[in-house]
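# Got a predicted structure plus its sequence, pasted below:
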Amino acid sequence: MTGGTKRQKDMRKALRVLLPRVPMVHAEAILAAALAGHLRHLPPSIALWQATSSYIRHELTDYDVLLEDGYERDAARFFVLDDMNAVLEDWGSQKRLDPDEES
């Protein structure tokens, strides 16, 4: 993960600050999502946070299973919030998801 555009370099730097202990396999997936075209209008730190929260929610929790079981989106998000924050803590993030904020 070296070289690239200024935005890619800024994104990698922001990733190291936000998630200092994230495993490389997850870091690469999060970085790819954060660099997606639909997030290009956002500052790197915000695009990275959105990509991180989405990645954790869909890949590392039961969120999609809850949706398939008929839970509404907000309810499913509520039930995976603690699991998501545990992942953020494991990865060394100082930031946490707040149940009162939309991510």
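In hand now; what should we look at?
# pLDDT score for Gly3?
pLDDT recorded at Gly3 is 69.
# One more: Pro99?
Here, the pLDDT recorded for Pro99 equals 82.
# Might you list the low-confidence residue ranges for the chain?
1-3, 102-103 (pLDDT under 70).
# ok, which stretches of it are helices?
If DSSP state H is used as the criterion, the helices of the chain fall at 6-18, 24-34, 44-60, 63-68, 73-90.
# who touches the residue nearest the centre of the chain in this structure?
The centroid of the chain falls nearest to Thr52 when counting by CA atoms, centre = their mean (0.9 Å). For Thr52, the contact set (CB atoms under 8 Å, 6 or more residues apart in numbering) comprises 18-19, 30, 34, 88, 93. Where you see a C-beta, it was placed from the backbone N, CA and C, and this is true even at glycine.
# And these, which of them are buried?
18-19, 30, 34, 88, 93 (16 or more other CB atoms under 10 Å).
# Tell me how far Asp64 lies from Phe78.
15 Å (CB to CB, to the nearest Å).
# If you could redo that for Thr61, that was the one I meant.
Following CB to CB, the distance that separates Thr61 from Phe78 is 12 Å.
# With Leu31 instead?
Distance from Leu31 to Phe78, by CB to CB: 28 Å.
# which one of those two has more residues nearby?
Using other CB atoms under 10 Å as the criterion, Leu31 and Phe78 rank with Leu31 on top: 20 against 13.
# What is the burial count for Pro44?
So Pro44, with other CB under 10 Å, has 21 neighbours.
# so who does it touch?
Per CB under 8 Å, 6+ apart, neighbours of Pro44: 7, 10-11, 13-14, 34.
# Would you convert the residues you listed into a markdown table that also reports distance to Asp100?
Below are the contacts of Pro44 laid out as a markdown table (distance: CB to CB, whole Å):
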| residue | distance to Asp100 |
| --- | --- |
| Arg7 | 31 |
| Asp10 | 29 |
| Met11 | 27 |
| Lys13 | 29 |
| Ala14 | 24 |
| Ala34 | 24 |
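# Highest mean neighbour count across the helices of the chain, which stretch is it?
Of all the helices of the chain, helix 44-60 has the most neighbours on average by mean count of other CB atoms under 10 Å, namely a mean of 19.
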